Structures are given as structure tokens and as C-alpha cells.
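Enquirer: Model the structure of this input:
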Amino acid sequence: MSPRRNTFIRYVASISGDIAVGAAVAAACVWVIEVAALSVFLGFLVWLLGTLIALALSQYVVHPLINAVLSERKLDRA
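Expert: Numbering: from 1, shown residues only. Here you go, the predicted model:
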């Protein structure tokens, strides 16, 4: 099929994966802050650490997985 369509599909999948990872890490941060009853400063540090974890998961897990699962050959066969 067209390379533009395949690029669009991978782009949408990447954005969806990034949002899912961000939401999961945000939920984990909220849970840690509530359970541990952290102060404002420690809560800020948890959010900062959560942001870094979400970025790392996106860069090293989500995007390589999408590139492997949604390769040009696989998208063209589908």
C-alpha cells in the first residue's frame, strides 16, 4: 500500500502508546503519593521521577515495539 498510510498508522499507534504509558505512570504516581502521604516536595519528586520513567518507557519500549510490530512488510500484508 502507500507509505504515507503506513507512516500514519505507526504515528497513531505511537501516540496511543505514549498516552497509555503516561496514564499508567500517572496513576502509579498518584497511588504512591496517596498511600505514602508524601509532602508537597516529595510529591513533586515522585511526579518528576514518574515523568522520566514515562519518557524512558516511551523511548525504549513503546517505539521499538511499534516499529517491530508495524513494519512496512507487515502493514502491506494486512
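Enquirer: Residue 66 contacts residue 10, doesn't it?
Expert: Yes: using C-beta atoms under 8 Å, residue 66 is in contact with residue 10, at 6.0 Å. From N, CA and C alone the C-beta is placed, and that goes for glycine too.
Enquirer: gap between the longest helix anywhere in the chain and the chain center?
Expert: Secondary structure assigned by DSSP state H gives helix 3-36 as the longest helix of the chain. On the basis of C-alpha atoms, centre = their mean, to the nearest Å, helix 3-36 sits 3 Å off its chain's mean C-alpha point.
Enquirer: tell me which residues in it are buried?
Expert: 6, 10, 13-14, 17-18, 21-22, 25, 29, 32-33 (16 or more other C-beta atoms under 10 Å).
Enquirer: do the same with stretch 69-78
Expert: 70, 75.
Enquirer: Look at that stretch and report the distance between its end residues.
Expert: With C-alpha to C-alpha, to the nearest Å as the measure, stretch 69-78 spans 12 Å from end to end.
Enquirer: still on that earlier bit, give me the helices and strands touching the longest helix of the chain, please.
Expert: Applying 3 or more C-beta pairs under 8 Å, 6 or more residues apart in numbering; DSSP states H and E, we find helix 3-36 packed against helix 40-57, helix 63-69, helix 72-77.
Enquirer: Go ahead and name everything in contact with the helix or strand of the chain with the lowest mean pLDDT.
Expert: Lowest by mean pLDDT, DSSP states H and E among the helices and strands of the chain is helix 72-77, with a mean of 82. Helix 72-77 has contacts (C-beta atoms under 8 Å, 6 or more residues apart in numbering) with 1, 3, 5-6, 9-10.
Enquirer: okay, these in CSV with pLDDT and distance to residue 53 next?
Expert: Below are the contacts of helix 72-77 laid out as CSV (pLDDT from 0 to 100; distance: C-beta to C-beta, whole Å):
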residue, pLDDT, distance to residue 53
1, 64, 36
3, 82, 33
5, 87, 33
6, 86, 30
9, 90, 27
10, 90, 23
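Enquirer: which stretches of this protein aren't confidently modelled?
Expert: Within the chain, the ranges that satisfy pLDDT under 70 run 1.
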